[in-house]
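Peer 1: coordinates for the following, if possible.
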Amino acid sequence: MRETTTAPLIGWSRAFPAAPEQIREARQFLTGILDGHPATDDAVLCLSELATNATIHSRSREPGGHFRVRAEVHGPRVRVEVCDQGGRWERSAKDDEQNGRGLLVVAQLARNFGRTGDDRAGWTVWFECG
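Peer 2: Got it, this is the predicted structure:
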């Protein structure tokens, strides 16, 4: 019988106050974790879009609110989740609007992405790169 080996799953998690300046901190957190991984640039850009959404569009923006970033690396694959504190899920921007294109960016850069949760318990938006 032949044994197969796979890279171990490694994961990190950190909460950030939902303030605009914390989006940069979240990007630095992920950049430090990925440390030269081939998916770093795409993953950091996707994280930036999702952290911005959590900070601007969810109940996380209320006083004392936060969002959480979870990241997993499994060999060439990276999975990142941004968890917020819920609220109404708004549809994407119209063609003529300047803002509201974050999920379109994620859809273009990520191998896969999705959303779980609800407006009361909070949303988790995730993506996979690599």
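Peer 1: strands along this protein, start to end?
Peer 2: For the chain, the strands identified by DSSP state E occupy 10-17, 66-74, 77-83, 112-118, 122-129, in order along the chain.
Peer 1: and these as a markdown table, adding mean pLDDT and mean neighbour count?
Peer 2: Backbone N, C-alpha and C define where each C-beta goes, glycine included. What follows is the strands of the chain, written out as a markdown table (pLDDT from 0 to 100; neighbours: other Cβ atoms under 10 Å):
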| stretch | mean pLDDT | mean neighbour count |
| --- | --- | --- |
| strand 10-17 | 93 | 14 |
| strand 66-74 | 96 | 19 |
| strand 77-83 | 97 | 23 |
| strand 112-118 | 96 | 12 |
| strand 122-129 | 97 | 22 |
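Peer 1: got those strands as a markdown table, with distance to residue 43 columns?
Peer 2: Written out in a markdown table, the entries for the strands of the chain read as follows (distance: least, Cβ to Cβ, whole Å):
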| stretch | distance to residue 43 |
| --- | --- |
| strand 10-17 | 12 |
| strand 66-74 | 8 |
| strand 77-83 | 5 |
| strand 112-118 | 11 |
| strand 122-129 | 5 |
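Peer 1: hmm, residue 13 is touching residue 80, no?
Peer 2: No. With contacts defined as Cβ atoms under 8 Å, residue 13 does not count as touching residue 80, sitting 10.7 Å away.
Peer 1: okay, and the common contacts of the two?
Peer 2: Taking Cβ atoms under 8 Å, 6 or more residues apart in numbering as the contact rule, the neighbours common to residue 13 and residue 80 are 69-71.
Peer 1: quick check, nearest of these to residue 47?
Peer 2: Distance to residue 47 across the shared contacts of residue 13 and residue 80 (Cβ to Cβ) is lowest for residue 69, with 6.6 Å.
Peer 1: who touches the nearest residue to that closest one once chain neighbours are set aside in this structure?
Peer 2: Excluding its sequence neighbours, the residue lying closest to residue 69 (Cβ to Cβ, 6 or more residues apart in numbering) is residue 26, at 5.3 Å. Neighbouring residues of residue 26 by Cβ under 8 Å, 6+ apart: 14, 16, 47-48, 51, 67, 69.
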